[in-house]
Structure formats: C-alpha cells, structure tokens
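A.B. asks: fold the stuff below for me.
(chains A and B)
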Amino acid sequence: MRRIKADLHVHTCLSPCSSLDMSPREVVGAAIRNGIDLIGICDHNSAENVLAVKKAGDRNGLLVLGGMEVASAEEAHLLVFFDNDDDLLGFQEHIYRHLAGRNDEHSFGLQVIADDEDGVTGFCDRMLIAATSLPAEAIIARARAAKGESLVIAAHVDREAFSLIGQLGFIPPSMSLDAVEASRMTAAELKKQFPDCGRYPVVAGSDAHGPDDIGKRFTWLTLENVAIAEIKKALAGRDNRKAEC
Amino acid sequence: MKLSDVVKEFGLEVKAASGNLDQEVTGGYVSDLLSDVLAHAEDGVLWVTLHIHQNIVAVASHKGLSGIVLVQSRQPEKDTIAKAEEENIPILVTGLSAFELVGRLYKAGIRGIEAD
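C.D. replies: Here you go, the predicted structure:
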C-alpha cells in the first residue's frame, strides 16, 4: 500500500481561462516541485492536452489521471476521469457533439493544444468556456456507460458559481457521484454548511489555472496502485484504502 | 435610452467602466445562465443578473452588451471588476430584485428581445 498526494483538479493552457504557462511540461514540473504525486488533468469540456501531459508525466515519474471538467446544461461543473484513454476520447466526442459555438480568443482567451515537449500543435476552436446542452445526470450516465472505470466528482461545491449545489440548490439524491470537491473550505466546514455533502466522500483540489496553484490543495490517497477502482475504494474507505483532506 | 440615463433614473451604483456609460441601451435581457446569454442576448442589450463571477464580463464583451446590472445589491467579485475595467464593460448594482428592476426598465421603454 502506498500513500500519495493527489491534486485532481488541474487545468492546462487548453482552458481559455488558464495561464499560457500551463504547458504539459510546466504542469508536470510544477506538480513535482510542489510535492504532488498524482494530478488529474481536467480542462473545460475538452481532453485534448491529456495525452501530452500523461507522456510528460511518464517521463518524469508523475502520475497523471486523464479527464475533463464538463459544464452541464445547468452550468454545474463535473470532473470526469477515465482509466482508459479510449473511453476519455469517446466521452470527449460525445461532449463535443453537445457543445455549441466557436471560441472568441479576445473575450475568453487562447485554447492551446500542445505536445509533451511543449510544442504548440494547434488551437482548439470550440467554445470551451460554454456549457454543454447535456443535463448533469446525462453526463454522468454517459461516463458510467464507458467500457472501463469512470470517476465523477462534483467540482468546487463550496462555490456559488458553476457548482452543483449553487446551480441546483442541493445534490439530487439519485445522482451517482464518487466524491464532492472542496476548493476553499475544509471537509468539516463543507459538511457543516452543505449537509448534502455528508453523503459523499470529500476531496480537496486546487482548480489550478497557473503553475503556482498546482498542489495548493490536495488529498492524501492510500491505495495499492493508481487506478480508478483503487481511488474509489480509497474514497469509500474500503479495504484499508483511505482518502484524507 | 442612454446607459447613463438608466443609471441616473434608477439610482444604479457604477462598479466598473464608469467612463463607458454613453451608450444606447437597445434592449434588455434577464438570465442567470451564461450559456443562455451567449445564445440569446444581442448587441447593445443591458443584462440583468445575480451572477457575479468574472465570466460575466467575457460573455458581455463577446456579445457586445451595453452593460451588466447586478440585482439585490450583489457585489461583483474583485476579479470581475478588474476584468470589467480592462474590457470596459460597465457593471452596475441595484438594491432591487430582478423582477422589480425589469418592470421599471420596461415601463421606461426598454424592451426584451423577440423570441425566435
């Protein structure tokens, strides 16, 4: 069993609101400098930099979980991760089919697609800052329908804007979430202010949009190996696995 | 109606871009979903919302809105003000609820967008 420090909410330069410094190599370098063992890559409504960060991570001994931060039709943000890259890319196709509009770089920012050596390979021209036309429940259902394991976390539920609780008032009891993320509050504060969160494991994530933010908030995971099934066990506190924040 | 007249008439507090009030308000739109505003608001429209996140400024800039009114005395976040100054998007605050403010704007001659 190993105990690792995980920050599951990290953006790259693909997110229009992110710093252009968040290139794959810099994201990996900053995570290592900041003492993080595992990062979750989740750009807004896209996963186009995930493979590059994974490659850069592999080279430098940093664990990388691939995912995206999807905006539901209700404008609630969900972090969705997959073990398999094929599942992630298939999920991305589904999200793209339900995401309208083209990016306006002046108003929203650049959306840089990079390779693992930080070479710019293109610019995503979809309006990634927008919300999909998919309700949160449909996004989760699509993630669960993937061949392999999926991990779904309600992002920054302690914020008013773009959080499941902020947009829907409470977390629907039927919703299949693996955890809720606290971006400002401690787990105890979160559960006190939003009793709904008591039903779910809590993770802390940085929502880093710049290198210095990576690892500012993190979760300790005790698990056998980094696979989503193990992370889920850790979140649920099963079989001596643990998640602490 | 000029934005500066709207500010005067309804006692709105100007939180950002006070130098950019000399614009014609061509209509009004009320929504708290950014994607809805992206899809339906039009150039010159005054947007009434309770949303205070900085993304409202990017949306207003992209759509060419004349300004944003925050209702119920909601205060814009610090980043929101900074971004609004940068983009020259007026941010105004009223103590009224959205329903009340919109009723009064309508009475003053500001109209909504025709539904598709």
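A.B. asks: grab the nearest non-local neighbour of residue B:14.
C.D. replies: Distances taken as CB to CB, 6 or more residues apart in numbering or on different chains place residue B:92 nearest to residue B:14, at 5.8 Å, with adjacent residues excluded. No exception for glycine: its C-beta is placed from N, CA and C like everyone else's.
A.B. asks: now the one you found: how far from residue B:1?
C.D. replies: The gap separating residue B:92 from residue B:1 is 14 Å, by CB to CB, to the nearest Å.
A.B. asks: work out the gap between the helix or strand in which the residue nearest to residue B:14 is found and the centre of the chain.
C.D. replies: Mapping residue B:92 onto the secondary structure by DSSP states H and E places it in strand B:91-93. Computed by CA atoms, centre = their mean, to the nearest Å, the chain-centroid distance of strand B:91-93 equals 7 Å.
A.B. asks: cool, and stretch A:225-234?
C.D. replies: Distance of stretch A:225-234 from the chain centroid (CA atoms, centre = their mean) equals 15 Å.
A.B. asks: what residues does chain A have near chain B?
C.D. replies: Counting by CB under 8 Å from any CB of the partner chain, the residues of chain A close to chain B are A:17, A:71, A:73-75, A:100-101, A:104, A:106-108, A:127, A:129-131, A:160-162.
A.B. asks: show me what from chain B comes close to chain A.
C.D. replies: Counting by CB under 8 Å from any CB, the residues of chain B near chain A are B:33-35, B:38-39, B:51-53, B:55, B:58-59, B:61-62, B:87.
A.B. asks: so which of residue B:92 and residue B:1 has more stuff around it?
C.D. replies: residue B:92 (24 against 15; other CB atoms under 10 Å in any protein chain shown).
A.B. asks: looking at strand pairing, list the partners for that one.
C.D. replies: Note on residue B:92: beta-bridge partners by DSSP bridges are residue B:14, residue B:69.
A.B. asks: wait, it sits on residue B:7?
C.D. replies: Yes: assessed by CB atoms under 8 Å, residue B:92 is found in contact with residue B:7 at 6.2 Å.
A.B. asks: what's the overlap in contacts for the two?
C.D. replies: By CB atoms under 8 Å, 6 or more residues apart in numbering or on different chains, residue B:92 and residue B:7 have these common neighbours: residue B:14.
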